[in-house]
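Asker: Predicted model follows, preceded by the sequence.
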Amino acid sequence: MGKDKLKRFNELKSFKNFYQNLDYEKPELVNFEGEVVEMKGKWQEKHFGNSNPLTLELACGKGEYTFGLAKRHPNRNFIGVDIKGARIHKGAKEALQEGLDNAAYLRTRIELLPEFFASNEVDQIWIVFSDPFPKDRHAKHRLTSPKFLELYKKICSPNAIIHLKTDSELLFNYTLGVLDGKGMSYNIVERDIYNKGTIHPELTEIQTFYEKMHIEDGRMINYVQFKLFQ
Ligand SMILES: C[S@@+](CC[C@H](N)C(=O)[O-])C[C@H]1O[C@@H](n2cnc3c(N)ncnc32)[C@H](O)[C@@H]1O
């Protein structure tokens with residue numbers, strides 16, 4: 001790890017809004033004091049101190065959606081999830097500086113989420129510019145693959161909504177195909193969100209690090225929203 005990354009990572013570990021899993025083989029979380037903490041089913045009570053609904057941002061990178069949504073929705077809780085701590089650092093630091101008590105960050109592999117969230121604990125999931133994994137043989141790693149949808153079912157409430165925003169035609173079409181294959185309908189499908197007149201300001205007002213690069217490259221951004229349980 002480079003010096004700067006290491007510095008960010010070390011600073012991140014001391015943030016009160018940050019939790020991490022240190023070992024994939026050992027599904028436990030540590031907090032900013034390095035203590036092992038049991039958060040499964042307890043995020044509202046133990047971290048947020050309220051009973052507001054919880055939204056996860058998966059593959060959050062620098063966590064712009066967690067930050068942006070938390071600012072817009074003080075009566076909801078948000079957790080950004082990514083495996084890369086040096087990226088999470090930015091969102092977590094800004095949330096602390098802004099006093100956003102309803103935003104937290106979690107460093108873990110998404111595959112381990114059922115270890116850290118109880119059934120019914122999550123109300124919404126945002127998947128924003130996640131890796132498309134272009135090779136067919138890697139399709140199971142796409143965050144909207146049937147495997148991941150089943151995983152989300154283990155932690156989501158019956159009315160849970162999934163949001164996918166992506167520049168990848170491949171991932172977008174794949175996701176629609178997965179939903180069709182399962183006989184699932186979508187609440188909203190919007191191609192080219194920046195040239196359509198906006199369905200919701202949050203879709204274009206909050207822009208992530210990768211999104212800004214894709215916009216600069218003139219790539220089209222698409223969005224689909226669907227209910228997990230139908
Ligand atoms: C293309 S980046 C997008 C980051 C951010 N959403 C954005 O739009 O700027 C994909 C992110 O997914 C994270 N990631 C990929 N697979 C993951 C997994 N299985 N568990 C946790 N994070 C993962 C990577 O670390 C990376 O930060």
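Answerer: In hand now; what should we look at? Quantities reported herein were computed from a predicted structural model and do not represent experimental measurements. Residues are numbered from 1 along each chain as shown.
Asker: check contacts around residue 20.
Answerer: By CB atoms under 8 Å, 6 or more residues apart in numbering, the contact set of residue 20 is 13, 29-30, 85, 106-108. For glycine as for every other residue, the C-beta is placed from the backbone atoms N, C-alpha and C.
Asker: Secondary structure element holding it?
Answerer: Using DSSP states H and E, the element containing residue 20 is strand 18-23.
Asker: Where is the longest strand in the protein?
Answerer: Secondary structure assigned by DSSP state E gives strand 156-166 as the longest strand of the chain.
Asker: So which elements touch that one?
Answerer: Secondary-structure packing of strand 156-166 (3 or more CB pairs under 8 Å, 6 or more residues apart in numbering; DSSP states H and E): strand 122-128, helix 146-153, helix 169-181, strand 222-227.
Asker: Can you tell me the closest non-neighbouring residue to residue 123?
Answerer: Spatial nearest neighbour of residue 123, chain neighbours left out: residue 53 (3.8 Å); criterion: CB to CB, 6 or more residues apart in numbering.
Asker: give me every residue that touches that neighbour.
Answerer: Taking CB under 8 Å, 6+ apart, we find residue 53 in contact with 76-77, 123-124, 157.
Asker: The same query, at a cut-off of 10 Å, please.
Answerer: Residues near residue 53 by CB atoms under 10 Å, 6 or more residues apart in numbering: 44, 73, 75-78, 121-124, 157, 159-160.
Asker: Same check on residue 202?
Answerer: By CB under 10 Å, 6+ apart, the residues touching residue 202 are 65, 68-69, 72-73, 126, 163, 165.
Asker: Put the buried members of these into a PyMOL selection.
Answerer: Buried subset of the contacts of residue 202, written as a PyMOL selection, criterion 16 or more other CB atoms under 10 Å:
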select buried, resi 65+68+69+126+163+165
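Asker: Pipe the contacts of residue 202 into TSV and attach distance to residue 151 and pLDDT per row.
Answerer: As requested, the contacts of residue 202 are arranged in TSV below (distance: CB to CB, whole Å; pLDDT from 0 to 100):
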residue	distance to residue 151	pLDDT
65	20	98
68	25	98
69	22	98
72	27	97
73	25	98
126	16	98
163	17	98
165	20	98
